[in-house]
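S.K.: Predicted structure and sequence below. I'll ask about it afterward.
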Amino acid sequence: MKITFKGDYALKILLDLSLNYTDKGTGINSKGLVRIKEISKRQDIPVKYLEQIILILKGAGYVRSKRGPVGGVYLAKPPEKIKVGEIVRLMEGSTSPISCVSRTAPSKCGFFRRCPFVEMWTEIRDFTNKIIDNTTFADISEKAGNMSVKSPDYSI
């Protein structure tokens, strides 16, 4: 599995929205909606590319938007209900390291039944899926929050 800029940016967008999420029935934070330009600046994503990814996330039901001068985007569901694996598959497709062990688009060669690598590729696929399918954006938000705690500066 290879994560492209598109997948990486989608994950960063959802992380940003997760960090700004408060549940008041709407998923809109108490300060209002998150503006696309703010996400772009914080996550270093070009606005035009961010808008394209937002459309995909919106179409898949992960993001909602509000138009107007106080508009922006917000999560359509709580961060604890969005798995990293869902977003990776939405943006990148299969998580298999090689197509012959993919569950969604298997293309087996004539050597498949006697290939000594199949078991290893399957284990890699399954291990990857276990991690990304058991990690939510609430989990990632918590890690990001812990990382933003400033360490003491011991320089002289």
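M.R.: Nice, I can see it.
S.K.: Give me the helix or strand of the chain that scores worst on average pLDDT.
M.R.: Ranking every helix and strand in the chain by mean pLDDT, DSSP states H and E puts helix 137-147 at the bottom, with a mean of 91.
S.K.: quick one: buried residues of that one?
M.R.: Residues of helix 137-147 classed as buried: 137, 140-141 (neighbour count, 16 or more other C-beta atoms under 10 Å). C-beta: built from backbone N, CA, C; applies to glycine.
S.K.: Other residues contacting that helix?
M.R.: Under the contact criterion C-beta atoms under 8 Å, 6 or more residues apart in numbering, helix 137-147 has outside partners 14-15, 18-19, 21, 78-80, 82, 84.
S.K.: Please produce a markdown table containing those, extended by pLDDT, distance to Thr4 and secondary structure.
M.R.: Output for the contacts of helix 137-147, formatted as a markdown table (pLDDT from 0 to 100; distance: C-beta to C-beta, whole Å; DSSP: H, G, I helix; E, B strand; the rest coil):
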| residue | pLDDT | distance to Thr4 | secondary structure |
| --- | --- | --- | --- |
| Leu14 | 97 | 16 | helix |
| Leu15 | 96 | 17 | helix |
| Ser18 | 94 | 21 | helix |
| Leu19 | 92 | 23 | helix |
| Tyr21 | 90 | 25 | coil |
| Pro78 | 94 | 27 | coil |
| Pro79 | 95 | 23 | helix |
| Glu80 | 96 | 26 | helix |
| Ile82 | 97 | 20 | coil |
| Val84 | 98 | 15 | helix |
